[in-house]
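Student: model the structure of this input:
(chains A and B)
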Amino acid sequence: MRERTAVPAQGTRPDILTQREMRRRERRFLHRDKWWGYALIAPAGLGLAVFYLWPVVQTVYYSFTEWGAFGGTTWIGLSNYRTLVDDPEFWHSLMNTGIYTGLVLLGIPLSMALAVLLNLKGLRGTGIYRTLYFLPVVTMPAAVAVVWRWLYNGDAGILNHALSAIGINGVYWVSDPDTIRIAVAVVGVWMTVGYNMILLLAGLQSIPGDYYEAASLDGAGRLRQFFSITLPLLSPTLFFTTVLSVIQSLQVFDLVYLIIGANTNVSLQNPAYGEGQTVVMLFFQKAFFDNQRGYGAAIVCVLFVLIMALTAVQFRLQKRWVHYA
Amino acid sequence: MRRRSLFTAAAATTLAAAPLVSGCSSSPSPSAASGGGSRRGHLTYGVWDVYQVPAMERAAREFERTRPGVTVDVQLTPNGTYWTKLRTACTGGSAPDVFWMNGPNFGLYADAGQLLPLETKGSEAVLSPADFPADLISLYNWEGTQYGAPKDFDTVALWFNKELFDRAKVDYPDSTWTWQTLINNAQRLTDRKRGIYGVGAPVRAQENYYNSIPQAGGWVISEDKTRSGFSDEHTREGLQLWIDLIHRYRASPSLQQMTDTDPTQMFQSGTLAMTYEASYNAATFYADPELRAKIDVAPMPKGRRRATVLHGLANVVYARTPHPELAREFVRFLGGEQASLLQGKYGTAIPARNGTAKPWAEGMPKFDLQVHLDALDYAVPFPGSANSAAWNHKEWMWLAKAWSGDVSLRSATDSLSDAMNQLLAQERKGRS
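Tutor: Coordinates of the predicted model:
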């Protein structure tokens, strides 16, 4: 950049360009560059504004209205939010979502263990393992749900069949209020473990080998190396995966919705429906089946604020445990 | 990883659902562009049942044949998304010119002025009420105006597996059966060691408790659509039958089992000796030669009295169609004798027009399908109000709790009745 500005313009002599003139030219050049940058990101920005920001604003507006099945909104102020506070179904679905999120977070140590194992030197067939663990990530939740529903079947499922072989009586996993949350969370973990594992693996591989060499020269054992080198240096990646998992889990919809049995006779007669229903499922129910779209909008607005708040708290807390090398 | 980018990600992903709730209005249908000539033009016909598409296509071609310059496009939307899509299309002004309607959704569309009234008298009459069962006509009549022309109807009957009956040495069901006969025989047919149950008692409205409630003398919703009947003693009696079949008589699989495996599938695979099914399943059963040989159908056992809930679809015209005359003409054609007989021949649905149902029953001679047709004599209308979907949801949720035994039937129906009354009050408030 500096070299190009220094190239003599016609009719001027470089050696007499003042310091000031040079800086001015440089600024002009940068200025032009900046506009190019804006111009190039404009289409994407426009798309975001039209398809995300505008609907966000609209949704916030609709949450203050009553909206019938065929449009036509009436401003009702905070009424939807007041109903929300008194709605036991909302609180229950919020609790379900919270429990699901907590259970899915337990998958992160698992991803980490897998990543550490796959990072071992001299391990053969790592490519195959990585692919295997990553497969669920690229499979559609709908397909995953159908397959797991079948695995979980109380009478004909493989899971209960395997359990009976070792003398354990299986239960109706997805239609028992006591087991539905765990059953769904297991699938949730199964689906995300590969994604987190790949991220953590990348994190692990960016740790310079010298650190371990130095540590072993100092006589540190494997365990000590893990806690003193690996964990601290991996903490930024761990932080990233945690934040992402929390956001994704709080928004879970399709997986649970389909495992419970979609919106058919089957799901609605599922005695575990109430224990499995997540916040987004409640939104879907209210907005599209009960024709209370304003109320549905209020539900997603609350979820939005909640996710923002939780993410903010996580960023606050990161100072305590995340080490940027 | 930057702080800001993560926040944006959070915001963007949460509100990925936002475009859904704001319901984008879609562009006008192609028919809107083709002009408003009343006797020529292009019609769209919205349906949701893939099995009925061949019959509907055939009817559309017949209509085109008699009306040169007219084309009809049959548009299939699977049932799971049909109503969401239709509601959005209606809001945006691009719904099909003619489309299928069912009982639980009718009130919503009629009340919101989304449907075109259909004349029932004079030379311009689209349909003559006398040609159809009275309960079907009244199902699609909203506050004195007819909006739907009945297309087909379905009644419920008791389907049974002859092989399992023979093995347990139980006589086949017939019209003399009462609830008590059902209970006794279901117990005799149950063979837990083999995993065989006498009868399926799922939380199904149309197939199960909407029949047993009127059989016990109860009611689901008051005639003026203002009150829930779920806390009525007779209504409870009609619900108790199913719960008892599961818990007290242990003659039905548990609700959990029936959630994991659909009872109709259990019946097809021979683990249920009896099941209550609507007539539209007959064709599916008939299509399987092995099953066809094993099963038959009998009238539903009677409670205090005999009753079957009558439901059926209707053809309706979209209020903002650019071709109101042509659309009405198409509906008139679909309700006529030619199209009705055609529909019956394809076997999936029983045509609603009086006197055209025979070919449906005769098309599957191995089954005693006359039972489904005779049920019309003691049919009761399908319960519904303007926003049935909202209380139907409560209904399933509360009744499932009672069926599974988590909550007593009394407390479940009390809660359900309260919730339903509240929703009905909201409906009335919304209209005034």
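
Student: list the contacts for B:Tyr276?
Tutor: In this structure, B:Tyr276 makes contact with B:Val156, B:Ala157, B:Leu158, B:Trp159, B:Gly200, B:Arg204, B:Glu207, B:Asn208, B:Asn211, B:Met300, judged by CB atoms under 8 Å, 6 or more residues apart in numbering or on different chains. Using the backbone N, CA and C atoms, a C-beta is placed for each residue, glycine as well.

Student: take these and keep only those in strands.
Tutor: Members of the contacts of B:Tyr276 lying in strands (criterion: DSSP state E): B:Val156, B:Ala157, B:Leu158, B:Trp159.

Student: hang on, the earlier thing: ok, and of the contacts of B:Tyr276, which contact chain A?
Tutor: Restricting those to those adjacent to chain A (criterion: CB under 8 Å from any CB of the partner chain) gives B:Arg204.

Student: rewinding a little: closest to chain A among the ones in strands among the contacts of B:Tyr276?
Tutor: Using CB to the nearest CB, the shortest approach to chain A within the ones in strands among the contacts of B:Tyr276 belongs to B:Val156, at 14.2 Å.

Student: pLDDT weak spots in the stretch 1-150 of chain A?
Tutor: Within the stretch 1-150 of chain A, the set of residues satisfying pLDDT under 70 comprises A:1-16.

Student: circling back: just the ones in strands among the contacts of B:Tyr276 now: which is nearest B:Thr226?
Tutor: Taking CB to CB as the measure, B:Thr226 sits nearest to B:Val156 out of the ones in strands among the contacts of B:Tyr276, at 27.0 Å.

Student: and the pLDDT at that closest one?
Tutor: We note a pLDDT of 96 for B:Val156 in this prediction.

Student: partners of it in the sheet?
Tutor: Taking DSSP bridges, one obtains B:Ala278 as the residues bridged to B:Val156.

Student: from the stretch 101-250 of chain B, which residue is nearest to chain A?
Tutor: In the stretch 101-250 of chain B, the residue found nearest to chain A is B:Val203; the distance is 3.8 Å by CB to the nearest CB.

Student: tally up the residues packed near that residue, please.
Tutor: Counted with other CB atoms under 10 Å in any protein chain shown, the burial measure for B:Val203 works out to 28 neighbours.

Student: residue contacts, it?
Tutor: Contacts of B:Val203 were listed using CB under 8 Å, 6+ apart, and they are A:Asn265, A:Leu268, A:Gln269, B:Tyr209, B:Trp242, B:Leu255, B:Trp396, B:Leu399, B:Ala400, B:Trp403.

Student: quick one, what contacts the third one?
Tutor: Listed by CB under 8 Å, 6+ apart, the contact set of A:Gln269 reads B:Pro202, B:Val203, B:Arg204, B:Leu255, B:Met258, B:Thr259, B:Trp396, B:Leu399, B:Ala400, B:Trp403.

Student: at 7 Å what do you get?
Tutor: Counting by CB atoms under 7 Å, 6 or more residues apart in numbering or on different chains, A:Gln269 touches B:Pro202, B:Val203, B:Leu255, B:Thr259, B:Trp396, B:Ala400.

Student: that's a helix at the first one, yeah?
Tutor: No. Looking at B:Pro202 with DSSP: H, G, I helix; E, B strand; the rest coil, it is coil, so not inside a helix.

Student: my guess is it meets B:Met258, correct?
Tutor: Yes. With contacts defined as CB atoms under 7 Å, B:Pro202 counts as touching B:Met258 at a distance of 4.6 Å.

Student: neighbour count for those two, which is higher?
Tutor: Between B:Pro202 and B:Met258, counted using other CB under 10 Å, B:Met258 has the larger neighbour count: 29 against 26.

Student: what is the helix or strand containing that one packed up against?
Tutor: Taking DSSP states H and E as the criterion, B:Met258 maps to helix B:255-260. Using 3 or more CB pairs under 7 Å, 6 or more residues apart in numbering or on different chains; DSSP states H and E as the contact test, the elements touching helix B:255-260 are helix B:388-404.

Student: take the helix it packs on, keep the C-alpha atoms, and write them as CSV.
Tutor: Extracted C-alpha coordinates of helix B:388-404, given in CSV (Å, rounded to 0.1, in the frame of the first residue of the first chain):
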residue,chain,number,x,y,z
SER,B,388,-62.4,-26.2,17.2
ALA,B,389,-58.7,-26.7,16.7
ALA,B,390,-57.9,-24.9,20.0
TRP,B,391,-60.2,-27.0,22.2
ASN,B,392,-59.5,-30.2,20.3
HIS,B,393,-55.9,-29.8,21.4
LYS,B,394,-56.9,-29.4,25.0
GLU,B,395,-59.2,-32.4,24.6
TRP,B,396,-56.4,-34.7,23.5
MET,B,397,-54.0,-33.5,26.1
TRP,B,398,-56.4,-33.9,29.1
LEU,B,399,-57.9,-37.1,27.9
ALA,B,400,-54.5,-38.7,27.3
LYS,B,401,-53.7,-38.0,31.0
ALA,B,402,-56.9,-39.8,32.0
TRP,B,403,-56.3,-42.7,29.6
SER,B,404,-52.8,-43.2,30.9
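
Student: which parts of it are buried?
Tutor: Counting neighbours by 16 or more other CB atoms under 10 Å in any protein chain shown, one finds that the buried residues in helix B:388-404 are B:388-404.

Student: now do stretch A:211-231
Tutor: By neighbour count, and taking 16+ other CB under 10 Å as the criterion, the buried residues in stretch A:211-231 are A:Tyr212, A:Ala215, A:Ala220, A:Gln225, A:Ile229, A:Thr230.

Student: which pair of those residues spans the longest distance?
Tutor: Maximum pairwise distance among these (CB to CB): 11.3 Å, between A:Ala220 and A:Thr230.

Student: get me the contact residues on the stretch 51-200 of chain B for chain A.
Tutor: When proximity is defined by CB under 7 Å from any CB of the partner chain, the stretch 51-200 of chain B lies next to chain A at B:Gly80, B:Thr84, B:Arg87, B:Cys90, B:Thr91, B:Leu108, B:Ala112, B:Gln114.

Student: rebuild those as CSV, extending it with secondary structure, neighbour count and pLDDT.
Tutor: CSV is the format used below for those (DSSP: H, G, I helix; E, B strand; the rest coil; neighbours: other CB atoms under 10 Å in any protein chain shown; pLDDT from 0 to 100):
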residue, secondary structure, neighbour count, pLDDT
B:Gly80, helix, 12, 76
B:Thr84, helix, 17, 86
B:Arg87, helix, 23, 90
B:Cys90, helix, 23, 93
B:Thr91, helix, 20, 88
B:Leu108, helix, 24, 90
B:Ala112, coil, 21, 90
B:Gln114, coil, 22, 95
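
Student: distance of the residue of the stretch 101-250 of chain B closest to chain A from A:Pro208?
Tutor: 62 Å (CB to CB, to the nearest Å).

Student: contacts for the lengthiest helix in chain B?
Tutor: Once chain B is assigned using DSSP state H, the helix that runs over the most residues is helix B:409-431. The set of residues external to helix B:409-431 that reach it, using CB under 7 Å, 6+ apart, is A:68, B:111, B:225-228, B:230-231, B:236, B:239-240, B:243, B:385-387, B:390-391, B:394-395, B:398-399, B:401-402.

Student: so which bits of it are buried?
Tutor: Buried residues in helix B:409-431 (16+ other CB under 10 Å): B:409, B:412-417, B:419-421, B:423-424, B:427, B:430.

Student: quick check: whichever residue of the stretch 1-150 of chain A sits closest to chain B vs A:Leu48, distance?
Tutor: Proximity to chain B, evaluated over the stretch 1-150 of chain A using CB to the nearest CB, is greatest for A:Pro55 at 3.8 Å. If you measure A:Pro55 against A:Leu48 using CB to CB, the figure is 11 Å.

Student: so for the two, which residue has more residues nearby?
Tutor: For A:Pro55 versus A:Leu48, the count of surrounding residues by other CB under 10 Å is larger for A:Pro55: 20 against 14.

Student: how much space between the more buried one and B:Glu427?
Tutor: To B:Glu427, A:Pro55 is 29 Å away according to CB to CB.

Student: perfect, that will be all.
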